[in-house]
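**Student:** Give me coordinates for this.
(one chain, ligands or ions: 1)
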Amino acid sequence: MLALKDLSCERDNRLLFEGLSVTFGAGDIWHIDGPNGVGKTSLLRQITGVSRYHGGELRWRGRDVAECRYEFAQSLVYIGHTPGIKKALSARENLHHYCPAADTSALEGALAELGLYGFEDVPCFRLSAGQLRRVALARLALASEPFWVLDEPFTALDVHAIAALEQRLSAHAARGGCVVLTSHQPVNLPVQRLALGDYSVVPA
Ligand SMILES: Nc1ncnc2c1ncn2[C@@H]1O[C@H](COP(=O)(O)OP(=O)(O)OP(=O)(O)O)[C@@H](O)[C@H]1O
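**Tutor:** Coordinates of the predicted model:
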């Protein structure tokens, strides 16, 4: 789906990585790994178009992303480091914001999948860190976009939510979707690993 060719990244005049070439394909789950500060979030921000890249090329389904920004954006779910939840709104309202076409039972099903049954209408400022992360991730159950980019999605989740999320990611890949994620925890899925810092691509 997305090919990175000779990508480089610098922040504050410091080179984080260069010459990074990898293709994130249909059916893949990629785990971007590396120590704190190596540039994982910066890479995700580059590939999603949130930050610009300083060198190299990004190609979406064979086309330069600059030429197909709208199509690429329509194909992408990006859930960043912070959950991106409006705390004055409820879980249901937040999910509706991201998935306006979903009906009541779809919204409730997505929230229930991540253990939020009974919390649908509680304002999010009353939820815990893990529950807030669950609200953000619930949209994956409703997402039709093929390319998912998730920054530290397992942070703050308990074992049950981790298992539910892993199942969701696995089902997405099995349907021909692609997942690119960062995690400091081991991922219990057949992932391909991209270790920033040594640029090695380790197949599953
Ligand atoms: N807002 C910012 N302004 C300037 N430099 C930044 C900013 N955020 C991060 N950096 C720098 O960019 C580098 C890469 O940061 P990034 O967040 O991409 O790392 P990371 O690998 O995701 O780290 P972590 O594992 O801690 O989340 C860091 O070394 C940091 O010094």
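**Student:** Break the chain into its domains for me.
**Tutor:** Residue ranges for each domain of the chain read 1-75+146-204, 87-144, as given by automatic domain parsing.
**Student:** want to throw the ones you listed into TSV with mean pLDDT, mean neighbour count and distance to the ligand?
**Tutor:** Where you see a C-beta, it was placed from the backbone N, CA and C, and this is true even at glycine. Output for the domains of the chain, formatted as TSV (pLDDT from 0 to 100; neighbours: other Cβ atoms under 10 Å; distance: least, Cβ to the nearest ligand atom, whole Å):
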stretch	mean pLDDT	mean neighbour count	distance to the ligand
domain 1-75+146-204	91	16	3
domain 87-144	94	17	15
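**Student:** wait, which of the ones you listed is closest to His81?
**Tutor:** domain 1-75+146-204 (4.6 Å; Cβ to Cβ).
**Student:** For the closest one, what is the distance to the chain centroid?
**Tutor:** 8 Å (Cα atoms, centre = their mean, to the nearest Å).
**Student:** Over to stretch 66-79?
**Tutor:** 13 Å.
**Student:** Checking the residue nearest the centre of the chain next. Helix, strand or coil?
**Tutor:** Closest residue to the average C-alpha location of the chain: Leu150 at 1.7 Å, with Cα atoms, centre = their mean. Leu150 falls in the strand class when you classify it by DSSP: H, G, I helix; E, B strand; the rest coil.
**Student:** just to revisit the earlier point, now render the domains of the chain as JSON lines, adding distance to His81.
**Tutor:** Formatted as JSON lines, the domains of the chain follow (distance: least, Cβ to Cβ, whole Å):
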{"stretch": "domain 1-75+146-204", "distance to His81": "5"}
{"stretch": "domain 87-144", "distance to His81": "11"}
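**Student:** any residues touching stretch 66-84, and which ones?
**Tutor:** 1, 41, 44-45, 48-50, 60-61, 65, 132-133, 135-137, 139-140, 143, 145-153 (Cβ atoms under 8 Å, 6 or more residues apart in numbering).
**Student:** and those, which of them are in strands?
**Tutor:** 60, 147-151 (DSSP state E).
**Student:** Just give me the closest of those to Thr104.
**Tutor:** Distances from Thr104 to the ones in strands among the contacts of stretch 66-84, taken by Cβ to Cβ, are shortest for Trp148, at 24.4 Å.
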